[in-house]
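Asker: only the shape, not the letters, is given here:
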């Protein structure tokens, strides 16, 4: 299941293309959707280099039963 980041040109963002989160790249499209739906913007500042963050990502986003 790929999210919107699968088409990104950023290698960092592509690392998160299989997260079960509807991530969007920073930009007007994300802001417009948040305004339309009345939702806050949740900003990921990245965690590619942090060992414990990578461990948490693997544990948190792994598929259930697998």
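Answerer: Perfect, thanks for sending it. None of the values given here were measured: they were computed from a predicted structure. Numbering: from 1, shown residues only.

Asker: ok, and for stretch 5-19, which residues are buried?
Answerer: By neighbour count on 16 or more other CB atoms under 10 Å, the buried set for stretch 5-19 is 5, 8, 13, 15-16, 19. No exception for glycine: its C-beta is placed from N, CA and C like everyone else's.

Asker: hmm, which two among those are most spread apart?
Answerer: Greatest spatial distance among the buried residues of stretch 5-19 (CB to CB): 8 and 19, at 12.5 Å.

Asker: all helices of this structure, in order?
Answerer: 11-14, 28-37, 51-61 (DSSP state H).

Asker: next, the buried residues of stretch 25-45.
Answerer: Applying 16+ other CB under 10 Å to stretch 25-45 flags no residue as buried.

Asker: contacts for that stretch, please.
Answerer: 4-5, 8, 10, 13, 16, 23-24 (CB atoms under 8 Å, 6 or more residues apart in numbering).

Asker: how distant is that stretch from the center of its chain?
Answerer: Chain-centre distance of stretch 25-45: 12 Å, with CA atoms, centre = their mean, to the nearest Å.

Asker: how long is that stretch end to end?
Answerer: Terminal residues of stretch 25-45 are spaced 12 Å apart (CA to CA, to the nearest Å).

Asker: look up how far residue 7 lies from residue 39.
Answerer: Between residue 39 and residue 7 the distance, using CB to CB, to the nearest Å, works out to 22 Å.

Asker: and for residue 42?
Answerer: 20 Å.

Asker: about what we covered before: which one of the contacts of stretch 25-45 is nearest residue 55?
Answerer: Within the contacts of stretch 25-45, proximity to residue 55 (CB to CB) peaks at residue 16, which comes in at 15.4 Å.

Asker: apart from its neighbours in sequence, what residue is nearest that closest one?
Answerer: Residue nearest to residue 16 in three dimensions, not counting chain neighbours: residue 5, with 5.4 Å by CB to CB, 6 or more residues apart in numbering.

Asker: what's the answer for residue 18, then?
Answerer: residue 2 (6.1 Å).

Asker: so what's the residue most central in space within the chain scoring on pLDDT?
Answerer: In the chain, the centroid-proximal residue (CA atoms, centre = their mean) is residue 23; its distance is 3.9 Å. pLDDT, residue 23: 84.
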